[in-house]
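Visitor: Kindly generate the corresponding structure for this input.
(chains A and B)
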Amino acid sequence: MRHTLVALLQDRPGVLHRAVSLLRRRAFNIESLAVGHSETPGTSRMTLVVEAEDVQQVVKQLYRLIEVLKVTDVTNGPTVEREAALLKVHAPTARRSELLALAKAFEAKVVDVGASTVVLEVTGSPGKVDKLAELARPFGLKELVRTGRIAMTRGAPSVQAPAPEHRAARGDDEGYGGGTPTTAWAWQADGGA
Amino acid sequence: MTEQRTGAQIMCEALIREGVDTMFGIPGGAIMPFYYAMFEYRDVLRHVLCRHEQGAGHAAEGYARATGKPGVCIGTSGPGATNLVTPIADAWMDSTPLVAITGQVSSQVLGKDAFQETDITGITVPITKHNYLVRHVDELPYVFKEAFHIATTGRPGPVLIDVTKDAQQARTVPRWDVALNLPGYRPTYRGNSRQVREVARLLRAAERPLIMAGNGVIQSGATRELRALAELTGVPVITTLHGLGAFPEDHPLSLGMPGMHGWVHVNRAIQECDLLVNVGGRFDDRVTGKASTFAPRAKVVHVDIDPAEIDKNVKATVPIVGDARLVLQALLDELAAGGGGETAAARAWLAHVREMQAEFQPRHKEVRRPDSAQLMPHDVYAALNRVLNERGGYRVVTDVGQHQMWAAQLLDWRRPRTHITSGGAGTMGFAVPAAMGAAIACPDETIWAIVGDGGFQMTNQELSTIVQEGITNVKVAIVNNGYLGMVRQWQELFEHKRYSGTLLTGPDFARLAEAHNLRGMTVERTDDVEDAIIAAWDHAGSAVIDFRVEREVNVFPIVPQGKSIGEMLTEAPVTPATGPAMAPALAGA
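Guide: Numbers count the residues shown, from 1 in each chain, chains lettered A, B, ... in the order given. I've put the predicted structure just below:
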């Protein structure tokens, strides 16, 4: 089954290598991966789409990495999932207005206009990006670049790495590797470690 | 301290601060500054010059496993570092605390395929708990502190520190007062109390309960708590390969070892039990056989400090993440508070398992072939077991293969950390260097390395190290059958006796030992076994005994790979030895 995971990582050298190496070794298939800074300086946020039978194993294996602060499976929660893409499309004058109409229908921005090409910027669900790419192809899709999926939960509950003191006091988040699989209270100690 | 130090001096001081007194390694270009500094500290930091980095790594593992302290091994960049990969992988599989220090080429040429440059941090990502590439001298105090912390806490494991040559040479005023910053690393030690209560309830209700003790019991020092739990509840205990010694095998509640070469009654008990409490074991496939058929009637309690082990191989009814000792203590408190003594059901269950044992564990018959006049492996173990029991004060380090399984089966394991072996990785060549490390850690004890002729020939160069270091308490027992015996056994049982690549010759091992100025002995007759063991033990230096045993003896019982542990083979059809002609070195001796 396909899962969308959000992981918060301590920003240290090699951390991405470690995460990817781990997923490769355990034979979890990565469909999409997007990494960048999070709201906290020194913390990176990774959105991973993986194909895995046992997603709890993926989560627990990720927690074994020293730099992993928090992993959340947001597959079933209410989330906003987005992907951005740039498309360079062949657009001779004769077909340009047709292409711009298509872009408008997808709320894609025209970010560059050249003699024979335009570059479109689109944001949306991965399905929307797929669709625009498909419809742009007959014009002559010269380049396509996609960011991979990023995800955020809707509403107040947030994927954040709690401050260490906070976590210890709450005592509900004392898993190996700093956090715990959210569904399994069994891992949790009741006192400080 | 405001004095400037070189990176190399800081490394030495960091090691001393971590309580390190012994290191195993080999110098080379990129690690030379560290060796230069080490010379100043030679009175407090003993460096053991090994003959191969693999030997250094296994020696550090042996040291760690004998003491519980982290082992330290050192190599230079490139081949020095890659030679450490096998012991690092071994330590990773067996959760052995190990810190590997490697030199790296200078940061100016890093990434440019410089002489002896290898991306060792990249190579060891999947087999270390964590690793570091240090390019700047100022990072060293913190990195060493963090590395030792990670290697020795939670589930122990190997950590590698790769230090560029210029970082070793640069000078700085070290800052030792930096606090650990590991928000993502917070091992859980105390088990969840609700889960502990649930286990207590299950133990009171169970009719056919079993406790399975693994490496975690030994690593966390929980043998007293384990014994108390067994005695309080009357629940019998089985010990995995790495759990041997966690529970005394002469205890009335001890059943023995489960798994591929475990005893039939133990595996049957697992298949019949209604509650299996696994403390500190990871349900390795050599224990479970076909996992889907493992313990089909049991509720499974899994106590492990690593959450990633829970539900990985065997689904747990009640998982508890925590330190084995603390969880067992909490369980004892809970049972004491709520009342939970030995039940009649538990007594009847134990009697039932003992009946199965009487039927299926004619312990020594398993390896005896009555029509043979030649020295049987069993005779070696029986004599060694007698002498070990009489004398005490020993550790046994085994290699990988038939001799390892016989040792696990046929010696009486009583005390923790007396049985040291390569379990998860199954690294042939482990025993001789690991015994050397254990011998340095335990100078007042006698360290027996039991090894096959195959494994011995992989790392016997460390005999030179043993001599150079004046190590007198390593006694090597080679169970020599002129084959890669375990592979040959599988070929015999499962591959129509096609002995492809398993016939093995070797030098006269006794003379090889003598060439090292060690005592060397050859034993070919059953009657000479015990005398040789005693002579080796009493010899003032280290010694090697070459036991030329019957060549085609199998380890029984055996669960064929991929089968359920309920399907054990207890013997093969008896056929005369039909292997290829004896190798000249063996036949002529």
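
Visitor: in chain A, which ranges drop under the pLDDT threshold?
Guide: Along chain A, the parts satisfying pLDDT under 70 run over A:162-193.

Visitor: Please identify the buried residues of the longest helix along it?
Guide: Taking DSSP state H as the criterion, chain A has its longest helix at helix A:126-140. Along helix A:126-140, these residues count as buried under the neighbour rule (16 or more other Cβ atoms under 10 Å in any protein chain shown): A:126, A:128-129, A:132-133, A:135-136, A:139. (Each C-beta comes from the backbone N, C-alpha and C, glycine too.)

Visitor: Next, format those as JSON lines and append distance to chain B.
Guide: Converted to JSON lines, those look like this (distance: Cβ to the nearest Cβ, whole Å):
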{"residue": "A:126", "distance to chain B": "29"}
{"residue": "A:128", "distance to chain B": "35"}
{"residue": "A:129", "distance to chain B": "32"}
{"residue": "A:132", "distance to chain B": "38"}
{"residue": "A:133", "distance to chain B": "35"}
{"residue": "A:135", "distance to chain B": "42"}
{"residue": "A:136", "distance to chain B": "39"}
{"residue": "A:139", "distance to chain B": "42"}
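
Visitor: What residues does the stretch 151-300 of chain B have near chain A?
Guide: In this structure, the stretch 151-300 of chain B approaches chain A at residues B:154-155, B:182-195, judged by Cβ under 8 Å from any Cβ of the partner chain.

Visitor: Show me the one in these that has more neighbours than the rest.
Guide: residue B:191 (28 neighbours; other Cβ atoms under 10 Å in any protein chain shown).

Visitor: Contacts only, for it.
Guide: With contacts defined as Cβ atoms under 8 Å, 6 or more residues apart in numbering or on different chains, residue B:191 is in contact with A:189, B:303, B:320-323, B:326-327, B:330.

Visitor: from the residues you listed, which is closest to residue B:170?
Guide: Nearest to residue B:170 out of these is residue B:323 (Cβ to Cβ; 39.6 Å).

Visitor: what's the distance between the nearest residue to that closest one once chain neighbours are set aside and residue B:216?
Guide: Closest residue to residue B:323 in three dimensions, ignoring its sequence neighbours and counting by Cβ to Cβ, 6 or more residues apart in numbering or on different chains: residue B:189, at 4.3 Å. Per Cβ to Cβ, to the nearest Å, residue B:189 is found 12 Å from residue B:216.

Visitor: got it, and residue B:314?
Guide: When distance is defined by Cβ to Cβ, residue B:314 is 15 Å away from residue B:216.

Visitor: Which of these two has more residues huddled nearby?
Guide: A direct count of neighbours by other Cβ under 10 Å for residue B:314 and residue B:216 places residue B:216 higher, at 29 against 21.

Visitor: Centre of the chain to the helix or strand the more buried one falls within, how far?
Guide: Under DSSP states H and E, the secondary-structure element containing residue B:216 is helix B:215-219. For helix B:215-219, the distance from its own C-alpha centre to the chain's C-alpha centre is 11 Å (Cα atoms, centre = their mean, to the nearest Å).

Visitor: What is the next helix-or-strand element following that helix packed up against?
Guide: For helix B:215-219, the following helix or strand on the C-terminal side (DSSP H and E) is helix B:223-233. Secondary structure elements in contact with helix B:223-233, counted by 3 or more Cβ pairs under 8 Å, 6 or more residues apart in numbering or on different chains; DSSP states H and E, are strand B:209-213, helix B:324-338.

Visitor: Enumerate the positions of helix B:223-233 that are buried.
Guide: B:223, B:225-230, B:232-233.

Visitor: would you put the C-alpha positions of it in PDB?
Guide: Taking Å, rounded to 0.1, in the frame of the first residue of the first chain, the C-alpha atoms of helix B:223-233 are listed here in PDB:
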ATOM      1  CA  THR B 223      20.500 -12.600  34.900                       C
ATOM      2  CA  ARG B 224      19.600 -12.200  38.600                       C
ATOM      3  CA  GLU B 225      16.200 -10.800  37.700                       C
ATOM      4  CA  LEU B 226      15.600 -13.500  35.100                       C
ATOM      5  CA  ARG B 227      16.400 -16.200  37.600                       C
ATOM      6  CA  ALA B 228      14.100 -14.600  40.200                       C
ATOM      7  CA  LEU B 229      11.300 -14.400  37.800                       C
ATOM      8  CA  ALA B 230      11.700 -18.100  36.800                       C
ATOM      9  CA  GLU B 231      11.900 -19.200  40.300                       C
ATOM     10  CA  LEU B 232       8.900 -17.100  41.500                       C
ATOM     11  CA  THR B 233       6.600 -18.400  38.700                       C
END
